[in-house]
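Enquirer: Next one to model:
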Amino acid sequence: MCLCLCLCVCVCVCVCQASLPEVKKARGDVPDSLPEPEPEPTSSVSDFENSYNYVLSRLASMDQAIHKLNVGHYTLDVKVSQLMDRLTRVDAKVGELEDSIQEVYQHSKDNRKEMGRLEGCQKGRRMGYKCYLVYNSYEDYVGASRKCMERGGRIAMPRDRKEQEALADYVKSFFHPGNWPVWLGINDLRSEGMYLFDDGTRVSYFQWRKHFLSSQPDGGRRENCVAMSSDDGDWWDHYCDRTMNYVCEFDDRVAL
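Expert: Okay, the predicted model is just below:
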């Protein structure tokens with residue numbers, strides 16, 4: 001392909017594309033693609049500095065974290081100290097409250113004993129300085145003894161004929177016309193055949209039932225606690241876990 005250019009002097013110049021010389025680019029022109037930059041040379045000194053700086057930055061971060069932990073630990077220690085102070089004060093208050101409750105409980109026990117003693121002497125039968133009162137409720141031997149002590153007395157312990165006769169007459173009149181046994185404060189639980197009162201003293205007077213068919217005591221090691229018949233006042237040995245009525249005695253000389 002040729003390009004023809006005609007001038008005014010009637011001269012035509014034709015230039016073919018194939019014959020055009022390659023135009024050199026000016027020195028300031030930008031090439032179509034930039035050459036790859038050559039890598040900068042590294043040295044062992046620069047690697048060491050980088051590693052050193054990295055370690056320093058990590059140590060700085062760890063130091064900040066440790067500082068935060070120390071601050072948190074101090075705050076927690078203060079909180080724990082305050083909590084311990086509060087617990088100490090609460091414990092002191094609880095101790096005072098327990099003392100007050102124990103004092104009220106002791107006053108209640110003393111009042112109950114005093115009321116029981118007064119009731120025994122007002123409603124029961126007086127015999128010298130003793131007052132007897134029958135409780136028409138069923139208890140085993142241990143339960144009857146405990147109930148009497150809670151009321152400020154003891155389970156009845158007739159120590160001689162005079163007390164036995166007065167107690168038997170009172171119990172008979174209480175259950176008349178029936179016949180109901182009542183616990184007395186007598187047993188041979190400690191040693192077979194050695195009868196003691198409920199307060200541990202030795203029994204010296206006995207009112208065992210004497211009959212050719214059923215003389216008492218006859219229970220051996222099985223029946224170790226003593227009851228009194230309400231119809232005739234005789235004593236019988238019984239199983240201690242049997243439940244029956246009981247009689248308490250109160251000392252009218254005692255003022256609680």
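Enquirer: can we go C-alpha only for contacts and neighbour counts from here?
Expert: OK.
Enquirer: Please, which helix or strand holds the residue most central in space within the chain?
Expert: Central residue of the chain (C-alpha atoms, centre = their mean): Val94, 14.5 Å from the mean position. Per DSSP states H and E: Val94 is located in helix 44-123.
Enquirer: helices or strands next to that helix in the packing?
Expert: Applying 3 or more C-alpha pairs under 8 Å, 6 or more residues apart in numbering; DSSP states H and E, we find helix 44-123 packed against strand 130-139, helix 141-150, strand 244-251.
Enquirer: Between strand 130-139 and it, find me the angle.
Expert: For helix 44-123 against strand 130-139, the angle between stretch directions is 120 degrees (axes from the mean of the first three to the mean of the last three C-alpha atoms, to 10 degrees).
Enquirer: count of residues packed around Tyr195?
Expert: Neighbours of Tyr195 under the rule other C-alpha atoms under 10 Å: 21.
Enquirer: So Asp140 versus Leu196, what's the distance?
Expert: 18 Å (C-alpha to C-alpha, to the nearest Å).
Enquirer: If you could redo that for Asp231, that was the one I meant.
Expert: 24 Å.
Enquirer: Ok, Gly153 next?
Expert: 17 Å.
Enquirer: neighbour count winner among the two?
Expert: Between Gly153 and Leu196, counted using other C-alpha under 10 Å, Gly153 has the larger neighbour count: 26 against 20.
Enquirer: Can you tell me, leaving aside adjacent residues, what's nearest to the more buried one?
Expert: In space, and not counting its chain neighbours, Gly153 is closest to Phe250: 4.6 Å by C-alpha to C-alpha, 6 or more residues apart in numbering.
Enquirer: Count the residues that sit near that neighbour.
Expert: 28.
Enquirer: Run through the bridge partners of it.
Expert: Judged by DSSP bridges, the bridge partners of Phe250 are Cys131.
Enquirer: re earlier: state the next helix or strand along the chain beyond the helix holding Val94.
Expert: strand 125-127.
Enquirer: Contacts made by that next one with the rest, please.
Expert: Cys131, Tyr132, Leu133, Glu163, Ala166, Tyr170 (C-alpha atoms under 8 Å, 6 or more residues apart in numbering).
Enquirer: I'd assumed Val134 was in contact with the residue nearest to Gly153.
Expert: No. The criterion here is C-alpha atoms under 8 Å, and Phe250 misses it with Val134 at 11.5 Å.
Enquirer: circling back: how much space between the residue nearest to Gly153 and Ile66?
Expert: Counting by C-alpha to C-alpha, the gap from Phe250 to Ile66 is 77 Å.
Enquirer: returning to what we had before: so who does the residue nearest to Gly153 touch?
Expert: Counting by C-alpha under 8 Å, 6+ apart, Phe250 touches Arg117, Gly120, Cys121, Lys130, Cys131, Tyr132, Gly152, Gly153, Arg154.
Enquirer: Run through the chain and note the low-pLDDT ranges.
Expert: 1-45, 254-256 (pLDDT under 70).
Enquirer: let's see it at 80
Expert: Applying pLDDT under 80 to the chain flags residues 1-46, 48, 107, 212-214, 253-256.
Enquirer: Quick check: phi and psi at Val182.
Expert: Per-residue torsions, Val182: phi -130, psi 150 (degrees, to the nearest 10).
Enquirer: List the beta-bridge partners for it.
Expert: With DSSP bridges as the rule, Val182 is bridged to Met228, Asn245.
Enquirer: residue contacts, it?
Expert: With C-alpha under 8 Å, 6+ apart, Val182 has these contacts: Ala227, Met228, Ser229, Ser230, Met244, Asn245, Tyr246, Val247.
Enquirer: Quick check: buried residues in stretch 209-217?
Expert: Arg209, Pro217 (16 or more other C-alpha atoms under 10 Å).
Enquirer: residues making contact with it?
Expert: Stretch 209-217 has contacts (C-alpha under 8 Å, 6+ apart) with Trp208, Asp234, Trp235, Trp236, Asp237.
Enquirer: Distance-wise, check the first one relative to Gly233.
Expert: This means Trp208. From Trp208 to Gly233 the distance is 9 Å (C-alpha to C-alpha).
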